[in-house]
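[1] Sharing a model that was predicted from the sequence below.
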Amino acid sequence: MAKIRLERASVSFPVYNAASRSLKNRVLNVATGGAIERRFDGLVVVKGLDEIDLTIHEGERVGLVGHNGSGKTTLLRLLSGIYAPTSGSAAIDGECVSLINIGLGIDPEATGRENIRLRAVMMGMTAKELSSKYDEIAEFSGLGDFLDMPFRTYSSGMQLRLAFATSTSIRPEILIMDEWLSTGDEDFKDRARKRLDEIVSSTKILILASHSKELLLGNCDRLIWLEHGRVRMDGPAKTIADEYFGR
Ligand SMILES: Nc1ncnc2c1ncn2[C@@H]1O[C@H](COP(=O)(O)OP(=O)(O)OP(=O)(O)O)[C@@H](O)[C@H]1O
């Protein structure tokens, strides 16, 4: 069973060149950002996430909302295994794929074909899995002969096609997203939307951070409202969306 469990999980960022003398130990009176603190040894740290307790079970579709800097991306990165908690614990059970940065692992000098392989390895695909999916990825990209050209020669839409085709080729148990990837020309947009719907509906756990009420209500049944790196509210999507966005 896929499952996520965070216990008092914090992620803090040390900032070595902060103009720390100007930092007042003020109460948080702005909506944005995590808490900025000066540690006992004088170092300034930003608390991206502050002692989060969270359990997500198989079958849940969870949306993250919150103002800029409230900790959404930090939480997605923690759940994807990009960050480890600086204190507390994070147990992620299940094969997890993050579509947060689909360009990760791309080498601009390598060809499209080589980049499909690079990205696949980064996503944890085995050689056998890749060989069974390779032709489908190449075809979905619609890049034809350009697959033998270096990635740097691609237009931005072509770059996206390749990264998207590769990143959405597996069906993970846990899917992590922060935007609906649907750029590209009309033809690709349509196909991309369909493929994304497929991967979203087959995943056992979805975590989606967004500022769009429509997107969140359309895809999530539970919403978590983050504020200053803490959970402000957690509950049924509609209830929390009404509170956060207003009715
Ligand atoms: N690499 C970093 N170094 C220092 N501070 C960071 C770093 N990454 C994030 N933070 C801080 O952690 C806090 C949470 O940031 P995060 O990116 O998680 O917010 P967010 O909710 O995704 O915001 P947005 O909606 O603007 O994308 C912010 O105060 C930010 O300044």
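    Received, thanks.
[2] CA atoms for contacts and neighbours, from now on please.
    OK.
[3] in the chain, which spans are strands?
    Ranges of strands in the chain, per DSSP state E, are 3-15, 35-38, 44-57, 61-65, 87-93, 96-98, 174-177, 205-209, 222-227, 230-236.
[4] Now look at the lowest-mean-pLDDT helix or strand in the chain and say if it contacts the ligand.
    Of all helical and strand segments in the chain, the minimum by mean pLDDT, DSSP states H and E falls on strand 35-38, at a mean of 81. No: residues of strand 35-38 are not located near the ligand by C-alpha under 6 Å from any ligand atom, the shortest gap being 6.6 Å.
[5] I'd like to know how far the residue nearest to Gly66 when sequence neighbours are not counted sits from Gly34.
    Spatially, and ignoring its direct neighbours in sequence, Gly66 is nearest to Leu226 (4.9 Å; C-alpha to C-alpha, 6 or more residues apart in numbering). Distance of Leu226 to Gly34, computed by C-alpha to C-alpha, to the nearest Å: 10 Å.
[6] Mutual contacts of the two, please.
    Common neighbours of Leu226 and Gly34 (criterion: C-alpha atoms under 8 Å, 6 or more residues apart in numbering): Ser70, Gly71.
[7] could you dump the least confident helix or strand of the chain to PDB, C-alpha only?
    Extracted C-alpha coordinates of strand 35-38, given in PDB (Å, rounded to 0.1, in the frame of the first residue of the first chain):
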ATOM      1  CA  ALA A  35       9.900  32.000   9.500                       C
ATOM      2  CA  ILE A  36      13.300  33.700   9.500                       C
ATOM      3  CA  GLU A  37      15.300  32.900  12.600                       C
ATOM      4  CA  ARG A  38      18.700  33.500  14.000                       C
END
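[8] which stretches of the protein form helices?
    Taking DSSP state H as the criterion, the chain carries its helices at 72-80, 112-122, 127-141, 156-167, 186-202, 213-219, 237-245.
[9] export the ones you listed to a markdown table and tack on distance to Val11 and mean neighbour count?
    Output for the helices of the chain, formatted as a markdown table (distance: least, C-alpha to C-alpha, whole Å; neighbours: other C-alpha atoms under 10 Å):
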| stretch | distance to Val11 | mean neighbour count |
| --- | --- | --- |
| helix 72-80 | 8 | 22 |
| helix 112-122 | 23 | 20 |
| helix 127-141 | 34 | 15 |
| helix 156-167 | 26 | 21 |
| helix 186-202 | 27 | 15 |
| helix 213-219 | 25 | 15 |
| helix 237-245 | 24 | 16 |
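[10] which one of the ones you listed lies closest to the ligand?
    For the helices of the chain, distance to the ligand was read as C-alpha to the nearest ligand atom. The smallest value, 3.6 Å, belongs to helix 72-80.
[11] Which elements pack onto the closest one?
    strand 44-57, strand 87-93, strand 96-98, strand 174-177, strand 205-209 (3 or more C-alpha pairs under 8 Å, 6 or more residues apart in numbering; DSSP states H and E).
[12] Compare those and say which comes out lowest on pLDDT.
    If you rank the helices and strands packed on helix 72-80 by mean pLDDT, strand 96-98 sits at the bottom with a mean of 89.
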